[in-house]
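Colleague: Build me a structure from this.
(2 chains)
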Amino acid sequence: MALLDKLRQLDQQRKQLLTGPEPAGLFTDRIDSPTHAIVNGQPMLLFGTNNYLGLTFDPASIEAGREALVREGTGTTGSRMANGNYAMHGALERELADFFGRRHGIVFSTGYSANTGMIAGLAGPGDVVLIDADSHASIYDACRLCGAEILRFRHDDVRDLERRLDRLGERAENALIVVEGLYSMLGDRADLPRIAALTRDRGAMLLVDEAHSLGIYGARGRGMCEEADVESQVDFIVGTFSKSLGTTGGYCVSDHPELELLRYGSRPFMFTASPCPAVVACTRSALASLRDRPELRTRLWRNVRRLHGILARMDRWELGEPSPVIPLRFAEPALAIAAWEELLGRGIYVNLVLPPAAPNGASLLRLSVSAAHSDEDIEAAGDALASLASAVPAPSIP
Amino acid sequence: MNERAIPSSAAKRRELVLEMLQPLAAEKGVELEDTTELATDLDLDSMRVMELMFDLEDQLDISIPQNILPELQTLADLLREVDRLFES
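Modeller: Below is the predicted model:
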């Protein structure tokens, strides 16, 4: 197949599925707050942003970014290995390590490159990486990049993981196990206590991606590892700045001193421009807010419980435990698309997730809740979702 | 996980693989042969491939690395890899 034919095939598939507006065709004309925007000319209440703590318009972060922009310029124009290694990058790494109670921290330019950089930096040909089947694309792409033997286990199935470790025999002692604290599409949590215990038992190493759990779970907001009380059993905690912290970038923290050597052995770390000064300054400020303002977390969970309660009372959705990520499942893509379009028409933005992006071939509307949502915002989303019944046939449990 | 005995001979493993693929082949009106293309003839998308691999792994007590999936174009490719993993 010719190079461009593959793209044209993709276009045909896209057109078959989407006849109206489509996710990539929506442009935010104006963003007014963490929860309100003008999208394609229409006022929109945002319930699909991953802006869990609502920090994108935090005055302290904005001022820190403004100061850094004026003081240090628009970008670094180089990688951390060259001219792009600024004191503020090191400061952020120390602050992250301190926040997590770890000895070492490393910052990447994106959350995507944090996963690719860590996994491909740690594992190589001859090694084994075991990943959960519902892993984020960045984890799958990291596996392609690293050249190690990749074994996939059934989603959060600890027995299945154990069988695969059994089959590896002594090789399990050099295996890297990769899971997510909170899975991004369905908002379900990993069974970290059992996974961590199994990892220790086999002498393997455990990497946990906390992209969707930082700032949300744990007494100090460190994430699901803190919540599950397994931090001391986790070798590497990876995460992103682009959700709870409202900026861009990624990180890893660890007690292993070898983490520092990834600066010389992780291609996604080495061969990309370092995060620009304004982003680093905003991130440092947002991390301080996450640490010092637990009321943000309290507010988020209040909103989560409120929206979850409204949806539960409808008695139409297959809901898991309350989580800032709320997936609404539809029997087929066309129903999810119709519901998504209906919500857009009512001024509610959520994420549309179609196969194969969602696990098990599911078609989803994915809602994410923010601490910045007001009671009125939650009620408005609830009203719009309740109204789907009249506009969209059978948008409920498959 | 299916608890039935693990097929120890290549012939039994072939029988098992054919048995697992037969419903998919019937659905597409395809007769299974060594040259049958898994993706095109059986129209297996990534989700179905994953489920099929999970089932095969359980039945044969093997782990099929993700890395080799792109190389498994035909039924013969799949059978060869299953035998190699089983023997190793």
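
Colleague: From here on, just use CA atoms for contacts and neighbour counts.
Modeller: OK.

Colleague: middle-most residue in chain B, spatially?
Modeller: Among the residues of chain B, the smallest C-alpha distance to the mean C-alpha position (CA atoms, centre = their mean) belongs to B:V17, namely 4.8 Å.

Colleague: how about the host helix or strand of A:R164: buried residues?
Modeller: Using DSSP states H and E, the element containing A:R164 is helix A:158-168. Applying a neighbour-count criterion of 16 or more other CA atoms under 10 Å in any protein chain shown, the buried positions in helix A:158-168 are A:158, A:160-162, A:164-165, A:168.

Colleague: that older thread, wait, a strand at the residue nearest to the centre of chain B?
Modeller: No. Using DSSP: H, G, I helix; E, B strand; the rest coil, the assignment for B:V17 is helix, not a strand.

Colleague: about what we covered before: right, and the helix or strand after the helix holding A:R164?
Modeller: Of the helices and strands lying after helix A:158-168 in sequence (DSSP H and E), the nearest is strand A:175-180.

Colleague: how about that next one, does it reach chain B?
Modeller: No. Among the residues of strand A:175-180, none lie within reach of chain B under CA under 8 Å from any CA of the partner chain; the closest is 13.4 Å away.

Colleague: in its sheet, what does that strand sit against?
Modeller: For strand A:175-180, the paired strands and their directions (DSSP bridges) are strand A:128-132 (parallel), strand A:205-209 (parallel).

Colleague: Reformat the ones you listed as TSV; add mean neighbour count and mean pLDDT.
Modeller: Listed next are those as TSV, based on neighbours: other CA atoms under 10 Å in any protein chain shown; pLDDT from 0 to 100:
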stretch	mean neighbour count	mean pLDDT
strand A:128-132	24	98
strand A:205-209	24	98
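
Colleague: okay, now the nearest residue to A:E227 once chain neighbours are set aside: neighbour count?
Modeller: Closest residue in space to A:E227, ignoring its immediate chain neighbours: A:G218 at 4.0 Å, by CA to CA, 6 or more residues apart in numbering or on different chains. Taking other CA atoms under 10 Å in any protein chain shown as the criterion, the count of residues near A:G218 is 17.

Colleague: just A:S33 next, same as before
Modeller: Using other CA under 10 Å, A:S33 has 15 other residues around it.

Colleague: Could you give the backbone dihedrals for it?
Modeller: phi -170, psi 180 (degrees, to the nearest 10).

Colleague: Need the pLDDT of the closest residue to it other than its chain neighbours.
Modeller: Once its chain neighbours are removed from consideration, A:S33 has its nearest residue in A:F57; the separation is 6.3 Å (CA to CA, 6+ apart). In the predicted model, A:F57 carries a pLDDT score of 98.

Colleague: Next up, the contacts around the closest residue to A:G265 other than its chain neighbours.
Modeller: Leaving aside its sequence neighbours, A:G265 sits nearest to A:G121 (CA to CA, 6+ apart; 5.9 Å). Shown here is A:G121, whose contacts under the criterion CA atoms under 8 Å, 6 or more residues apart in numbering or on different chains are A:146, A:262, A:265-267.

Colleague: One more: B:M20?
Modeller: B:L52.

Colleague: part of a strand, is it?
Modeller: No. Assessed by three-state DSSP, B:M20 does not belong to a strand; its assignment is helix.
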